[in-house]
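# My questions are about this predicted structure, shown below with the sequence.
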Amino acid sequence: MSQNILLLAASVFFYAWADWRFLALLVVSTLLNFFLGLKIHESEEDRKRSVFLYLGLIFNVGLLLYFKYFNFFYEGFFELLSAFGNTSEYSALRILLPLGISFFTFQTLGYLIDVFNEEIEPSKNLLDFSIFVTFFPKILSGPIERAAAFIPQLQEKRSFSYPVFVDGLRQILWGLFAKIVIAENCATVANLIYNNYENEPGSALILGTFFYAIQLYADFSGYSNMAIGVSKLFGIQLMRNFSTPFFSTNISDFWRKWHISLTTWMMDYVFTPLSFTWRRWQKRGLILSIITTFVLVGFWHGANWTFVVYGFLHGIYFIPLVYSGKMNTSEIVAKGKWLPSIKELLKMLSLFVLIMLTDVFFRASNVGTAFEYLKKIFSKSLFDFPTSLLNGTVLFTTLLIALYVCIEWINREKKHDFEISKYNIYIRWFSYIFIFILILFFGRSAETFIYFQF
């Protein structure tokens, strides 16, 4: 009990410190979802159970629609009117986005649906449920946890485990390295190119897409590793959120390894019901289910058409897999080997280039800018020599990325990207000191994480 009280106090303090203005909203969301879960379970009539579920869906989805998407639909409505000749003036409302709202609302939505489907029993302990919603390592950027895996850990007394504690510190160190060394150095180059893309040749723009793709991955996977590592210090295991996705050889495998908590949530609560509903359309129904799911994956990231296009394109990339029957193919590249085969390497590189180019929509402020950026990449200037970018920062950042990729490759079959517990003590301590020195001398200050905005 005392352990859990401390966790809740720390979580509430952490959220209030980050943005106290929405603490009341978080408390209301926690209490309402807790009692709705109990009501769904206690109600014997299906109609009443459905009513309580729909109340929960309306509340949670309503939070997202208002805080995250209201202006998107509001502005779209007036733009539609203007297309028919209505010239009414309007101004967007200034709506602040509560930190972590996309993450904690998806957790509570999944919880209510699982209770309704009788896959789990509702938590009867408000303290446990409150920690499930507010647990500070994950509330701002996930992972999006499932109650079935998280809450039982709170119901057992947690004792100190030296190996788990050390592994948590190891994962925090790796996450910190990924964020302030890899992601922030990549951001320096990517921002320089993206913010001046009109005056850069296509060769420079393709470099910008490369550095941004690495930045996005290192930034978010770095946060996830730190969140999981901090949780281990408290004896709580969070789900893995990234599993070396850039070593995938097809788009389906990539999404099994990229933002795993969101992907599995969407697969369970969106894709599976849709594919069942549209199963009579066979492969066309499956494709429609996939595209719809990934459009929602994109839209989950923010109220901008760029994210919709980003998700739509990823859905389209699944079509060849559906018709080839390789949707469920998942593998560890070069399992048990030092190097991939030529075929595996070509598949990895081609998939990475595809994802890298699609990330332009993720980064751009609007769809028009994204298309202009891509158009310039595929112009004659793609073959121009980017002399302005051949400086010490770019070259050294490329070396850091090479080191980062090599360590992830070595640990691709491990439980996380810096799992080196089986190496001898000299190798382990050399690795810790080396990474710490890189952080100390080459780390850059970071104002925030990319996924905090979602």
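Yep, that arrived. Numbers count the residues shown, from 1 in each chain.

# Report how many residues lie close to the residue lying closest to residue 285 once chain neighbours are set aside.
Nearest residue to residue 285, sequence neighbours excluded (Cβ to Cβ, 6 or more residues apart in numbering): residue 278, at 3.3 Å. Glycine gets a C-beta too; all of them are placed from N, C-alpha and C. Residues lying near residue 278 (other Cβ atoms under 10 Å) number 16.

# show me what contacts residue 278?
By Cβ atoms under 8 Å, 6 or more residues apart in numbering, the residues touching residue 278 are 285-286, 288-289.

# Would you mind putting those residues into a markdown table with neighbour count, distance to residue 381 and pLDDT alongside?
Listed next are those as a markdown table, based on neighbours: other Cβ atoms under 10 Å; distance: Cβ to Cβ, whole Å; pLDDT from 0 to 100:
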| residue | neighbour count | distance to residue 381 | pLDDT |
| --- | --- | --- | --- |
| 285 | 16 | 43 | 94 |
| 286 | 20 | 40 | 93 |
| 288 | 16 | 39 | 96 |
| 289 | 23 | 40 | 96 |
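
# Show me which pair in these is furthest apart.
Spanning the widest gap among the contacts of residue 278 are 286 and 288, at 7.3 Å by Cβ to Cβ.

# How far does stretch 217-236 sit from its chain's centre?
13 Å (Cα atoms, centre = their mean, to the nearest Å).

# Tell me the buried residues in that stretch?
The neighbour-count check on stretch 217-236 (16 or more other Cβ atoms under 10 Å) flags 217-236 as buried.

# what do you get for stretch 67-78?
67-69, 71-72, 74, 78.

# among those, which are in strands?
Using DSSP state E, the subset of these located in strands is empty.

# give me the low-pLDDT residue ranges for the stretch 51-200 of the chain?
Applying pLDDT under 70 to the stretch 51-200 of the chain picks out residues 76-93.

# pLDDT wise, what is the residue nearest to residue 285 at?
As predicted, residue 278 sits at a pLDDT of 92.

# Would you convert the contacts of residue 278 into CSV that also reports distance to residue 200 and secondary structure?
Below are these laid out as CSV (distance: Cβ to Cβ, whole Å; DSSP: H, G, I helix; E, B strand; the rest coil):
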residue, distance to residue 200, secondary structure
285, 44, helix
286, 41, helix
288, 39, helix
289, 40, helix
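
# Relative to residue 96, how far out is residue 19?
As judged by Cβ to Cβ, to the nearest Å, residue 19 and residue 96 stand 8 Å apart.

# cool, and residue 141?
Counting by Cβ to Cβ, the gap from residue 141 to residue 96 is 18 Å.

# Equivalent analysis for residue 140, please.
15 Å.

# For the longest helix anywhere in the chain, give the mean pLDDT please.
Longest helix in the chain, counting residues (DSSP state H): helix 202-233. Helix 202-233 shows a mean pLDDT of 95.

# what helices or strands is that helix leaning on?
Using 3 or more Cβ pairs under 8 Å, 6 or more residues apart in numbering; DSSP states H and E, the elements in contact with helix 202-233 are helix 162-177, helix 184-194, helix 342-363, helix 367-377, helix 392-410.

# Check which residues of the second one are buried.
Of the residues in helix 184-194, those scored as buried under the neighbour-count criterion (16+ other Cβ under 10 Å) are 184-187, 189-190, 192-194.

# any idea how far stretch 43-57 is from the chain center?
31 Å.

# What are the contacting residues of that stretch?
32-33, 36-37, 39-40, 108-109, 112-113, 116.

# at 7 Å what do you get?
With Cβ atoms under 7 Å, 6 or more residues apart in numbering as the test, stretch 43-57 has contacts from 33, 36, 39-40, 109, 112, 116.

# Show me those residues that map onto strands.
Using DSSP E, none of the contacts of stretch 43-57 sit in strands.

# Just the ones of the residues you listed in helices?
Using DSSP H, these in helices are 33, 36, 39-40, 109, 112, 116.

# Chain neighbours aside, what residue packs nearest to residue 413?
residue 332 (5.6 Å).

# and the residue nearest the centre of the chain, what are its phi and psi?
The centre of the chain sits closest to residue 259, judged by Cα atoms, centre = their mean, with a distance of 4.1 Å. Reported as degrees, to the nearest 10, the phi and psi values for residue 259 are phi 40, psi 60.

# Identify the residues contacting residue 269.
Residues near residue 269 by Cβ under 7 Å, 6+ apart: 110, 113.

# what do you get for residue 294?
311-312, 314-315.

# Repeat that for residue 329.
Residue 329 neighbours (Cβ under 7 Å, 6+ apart): 250, 252-253.

# Over to residue 30?
129-130, 133-134.

# Those residues into JSON lines, with extra columns for distance to residue 401?
Below are these laid out as JSON lines (distance: Cβ to Cβ, whole Å):
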{"residue": "129", "distance to residue 401": "42"}
{"residue": "130", "distance to residue 401": "41"}
{"residue": "133", "distance to residue 401": "36"}
{"residue": "134", "distance to residue 401": "35"}
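
# so residue 270 touches residue 295, yeah?
No. Using Cβ atoms under 7 Å, residue 270 is not in contact with residue 295; the gap is 10.0 Å.

# Which of those two has more residues huddled nearby?
Ranked by neighbour count (other Cβ under 10 Å), residue 270 and residue 295 place residue 295 first, with 19 against 16.

# Please verify my assumption that that one contacts residue 312.
Yes. Between residue 295 and residue 312 there is a contact under Cβ under 7 Å: 5.3 Å.

# shared neighbours of those two, anything?
With Cβ under 7 Å, 6+ apart, residue 295 and residue 312 have no common neighbours.

# Select from the ones in helices among the contacts of stretch 43-57 the one having the most neighbours.
When the ones in helices among the contacts of stretch 43-57 are compared by neighbour count (other Cβ under 10 Å), residue 33 ends up highest, at 26 neighbours.

# For that one, which non-adjacent residue is spatially closest?
residue 108 (4.2 Å).

# is it true that the one you found touches residue 61?
No. Using Cβ under 7 Å, residue 108 is not in contact with residue 61, being 10.7 Å away.

# The two: who's more crowded?
Neighbours were counted for residue 108 and for residue 61 using other Cβ under 10 Å; residue 108 has more, 24 against 13.

# neighbour-wise, which of residue 19 and residue 96 wins?
Applying other Cβ under 10 Å to residue 19 and residue 96 shows that residue 19 carries more neighbours, namely 15 against 9.

# wait, what's in contact with that one?
Contacts of residue 19 by Cβ under 7 Å, 6+ apart are residue 99.

# Now name the helix or strand holding it.
Assigned by DSSP states H and E, residue 19 belongs to helix 2-19.

# tell me the angle that helix makes with helix 202-233.
Orientation check (axes from the mean of the first three to the mean of the last three Cα atoms, to 10 degrees): helix 2-19 against helix 202-233 gives 150 degrees.

# distance between helix 2-19 and the chain's centre?
Worked out by Cα atoms, centre = their mean, helix 2-19 lies 23 Å from the chain centre.

# how about it: buried residues?
3-4, 7-8, 10-12, 15.
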